[in-house]
Each structure stands twice: as C-alpha cells, then as structure tokens.
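[1] Based on what follows, work out the 3D shape:
(one chain, ligands or ions: 2)
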Amino acid sequence: MPQEPIHVVVTGAAGQIAYSLLYMIAKGDVFGPNQTLVLRLLDIPPMMGVLEGVVMELADCALPLLREVIPTADPVVAFKDVSAAFLVGAMPRKEGMERKDLLAANVKIFKVQGEALDKHAKKDVKVLVVGNPANTNALICSKYAPSIPKENFTAMTRLDQNRAQAQIAAKVGVPIENVSNVIIWGNHSSTQFPDASHAVVVVDNKSVPAVEAVKDGEWLRNVFVSTVQKRGAAVIAARKMSSAMSAAKAAADHMRDWFLGTPDNKFVSMGVLSDGSYGAPKDVVFSFPVNIKNGKWQIVQGLQNDDFAKGLLALTGKELEEERADAISIIGA
Ligand SMILES: NC(=O)c1ccc[n+]([C@@H]2O[C@H](COP(=O)([O-])OP(=O)(O)OC[C@H]3O[C@@H](n4cnc5c(N)ncnc54)[C@H](O)[C@@H]3O)[C@@H](O)[C@H]2O)c1
Ligand SMILES: O=C(O)C[C@H](O)C(=O)O
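    Ligands and ions are numbered 1, 2, ... in the order given. All right, here's what the predicted structure looks like:
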C-alpha cells in the first residue's frame, strides 16, 4: 500500500551529486518501495534553467513514487514541511585544496539553511550535510536551528566507510557485502581515521576479524588508512571534478539506514554531535560508529582503541576544533 507522501529537500539540486542522488531517492532506494514523495529542489537563481532540465528528466523517468517536484531558489519554499534534508549545495574543492579551504565559501550557506530549517521544516526532520567541509557545516547548521534537536543533524562519512569496505573486500578477495563494521572516526578530511580493527569479514562462510582475513597489519595501518584518507583527492585528480556518483550512493545509504535502521550486530559511521565518547572533543560533529533503531542513532560503546588509534583520533578531533573556531570567526557567531 503506498503511504502518504513525505517532503524531501535536496539542495544543490542542479549539481553533480544531485544528478545521481535524485534518481535514487525518487525510485525508492532511500525511504522504501512504498513511500511516496514530494521532492523540493533548491539551487541558486542562475541555476534555475539547468534545474528545469533536471525536473524534466525526473518526469521522464516515470517513477511511481514521485508525486510532485518543486524546483525553487527560495529556501522558504524548499524547506517547507520537510521530513528529510539532503544539504548538498556548496562549492566543491579543486585539485590541490583541502576540504577545509572551502569553509570561507560554504559555511554561510549552512547558517542560512539552518535558519530556514528552524522556521519551515518539520521538527523531527533528519538532516544530512554533504557539502564540504561537511562536519563543521553540519555543526553550524544545527546551531542556527535551535528548535530542532541536535541529534537530527549529521554529516556524511558514509562515502569514506564505503571506500574502506571496498579496499578491504578487494584485498581479501571477497564480495563487498562480506565486509562489515569498518569505522570512520572523526572528520571527513585527510585526518579521518579509517579503522578496520573492529571490522568483520566473511571468508568461506565464516565470520572472522578483518585483521585475520587481511593478514597484513602493516597494510592496514599504512596503505589502507592513507588510501581512504586521500581517495577524494585521487578522484579529483583523475576526473578533474569531485566524486559524484559514489557520493550520491553514500548519501542514499546514510539516509536509508537512518530512516530504516541497522541490524543489531552491525554499525555504520555518521558524523554526529560529539558527547565526548572515545575521548573526542565535545561540541564538534565527529564521525562515530552508530547503531540505528526507530530512526534514532546511538554511538556504539565499549570498543577498545589501542594507542595508534587514540593518536589518530586526537589528531582528527583537534582539526575539528580548529575548523569550529574558523567557522565561528567567519560567520561572526
Ligand atoms: N561528504 C562527502 O563525502 C562529500 C562527497 C562528495 C562531495 N562533497 C561535497 O558536496 C558538495 C557538492 O558537490 P557537487 O559535486 O554536487 O558540486 P556541484 O558544483 O556540481 O553542485 C553544487 C550545486 O550547489 C549549488 N549551490 C551553491 N550554493 C547554493 C545554495 N546556497 N543553495 C542551494 N544550492 C547551492 C550550485 O549552484 C550547484 O548547482 C561540495 O561541497 C563537495 O565538496 C561531499
Ligand atoms: O574530496 C572531495 O573534495 C570530495 C568529497 O569530499 C570526497 O570525499 O570525494
């Protein structure tokens, strides 16, 4: 039975990531095969012509779940009554830049959109920030939406998780679905810590720790970590544009798991407001392993981190504190 439509906003709707993401959302990959949708598409005024083309293509996809598409350059219209917000619209980095170099250009967008969410969205809206630097943009967005619970603002590190899973699957020689519980700690930046020490791999129908399956501790601590940390830059160097198809898939994965939940013994990584778990600084959006039930995430507790892990967690936490200070000085909060 089709359900009453929910309203979903995608910002940066005329951009690269949205071009893949909108199709995934509209065909039911995120909210399930029975959930009808109204898509609200926000971009800036000069992009309205391009956005019109995207709207035409969505119509031409003939998707049964898609009840209405509302293109707009007005945040008031875009955020009205939304239950889910994909905040993608922001400038991407170019070759040679770090993601935090985008702070000056992008953080103001998230202040304005936080204010619009606060006034116009549903109070239980789930917000996923994709635009970089995603963690700090999510923090700023939540600060400008005081009437919406802080736990409803998250940043995307799912692309890093998917990258990490793919690296391990390739190294062990198993299908991607045989790898689970890889963790991304900290910032969606080159200081992130992709951690396989709690990961599990199914080999010959048996679940074993990833460290056992990989049989190469040196690779896990060095090549694996730096490949995942630098994967975004490697894609930019090759494509001359930042990752888009894989980013859209990760955004769909993140929001689907948030709405529909994760199995008891599995966890996924999300940037969430830190409560200081695992020694992370408080009041930054830090990526943790989370388990999700009934639309609520909880940080997985009780994992043991060795000194190597603790050192990397401290580094990425420090970077997030610095980004927070920079963001606050840019927006003058
Ligand atoms: N967190 C992640 O894992 C991850 C992965 C990939 C990309 N990203 C980031 O996602 C963002 C978007 O990437 P893209 O490749 O789609 O870029 P893009 O340039 O193709 O598209 C961005 C779109 O956002 C629009 N936009 C700019 N300001 C806006 C505003 N105030 N309101 C609404 N729309 C606005 C632009 O007009 C453009 O259409 C970038 O910041 C990129 O770095 C994050
Ligand atoms: O690397 C980038 O700037 C884009 C994105 O954040 C990514 O991880 O691919």
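[2] So for Arg221, what's the nearest residue that isn't a sequence neighbour?
    Phe308 (6.5 Å; Cβ to Cβ, 6 or more residues apart in numbering). All C-beta spots, glycine's among them, are computed from the backbone N, C-alpha and C.
[3] Can you pull the residues of this protein lying near ligand 2?
    92-93, 99, 132, 159, 232-233, 235-236, 242-243 (Cβ under 6 Å from any ligand atom).
[4] I'd like those residues written out as a markdown table, with secondary structure and distance to Leu220 added.
    As requested, the residues of the chain next to ligand 2 are exported to a markdown table (DSSP: H, G, I helix; E, B strand; the rest coil; distance: Cβ to Cβ, whole Å):
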| residue | secondary structure | distance to Leu220 |
| --- | --- | --- |
| Pro92 | coil | 30 |
| Arg93 | coil | 27 |
| Arg99 | helix | 24 |
| Asn132 | coil | 27 |
| Leu159 | helix | 20 |
| Gly232 | helix | 20 |
| Ala233 | helix | 21 |
| Val235 | helix | 22 |
| Ile236 | helix | 25 |
| Ser242 | coil | 27 |
| Ser243 | coil | 23 |
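[5] need the helices for this protein, in chain order.
    16-26, 48-60, 75-78, 103-120, 134-143, 158-172, 210-214, 217-221, 223-229, 231-239, 245-260, 307-331 (DSSP state H).
[6] Out of those, which one sits most buried?
    Comparing the helices of the chain by mean neighbour count (mean count of other Cβ atoms under 10 Å), helix 134-143 comes out on top with a mean of 28.
[7] could you say what helices and strands that helix packs with?
    The helices and strands touching helix 134-143, judged by 3 or more Cβ pairs under 8 Å, 6 or more residues apart in numbering; DSSP states H and E, are helix 103-120, strand 126-129, strand 153-155, strand 268-273, strand 285-293, helix 307-331.
[8] how many degrees apart are the last one and helix 103-120 in direction?
    Relative orientation of helix 307-331 with respect to helix 103-120: 80 degrees, computed using axes from the mean of the first three to the mean of the last three Cα atoms, to 10 degrees.
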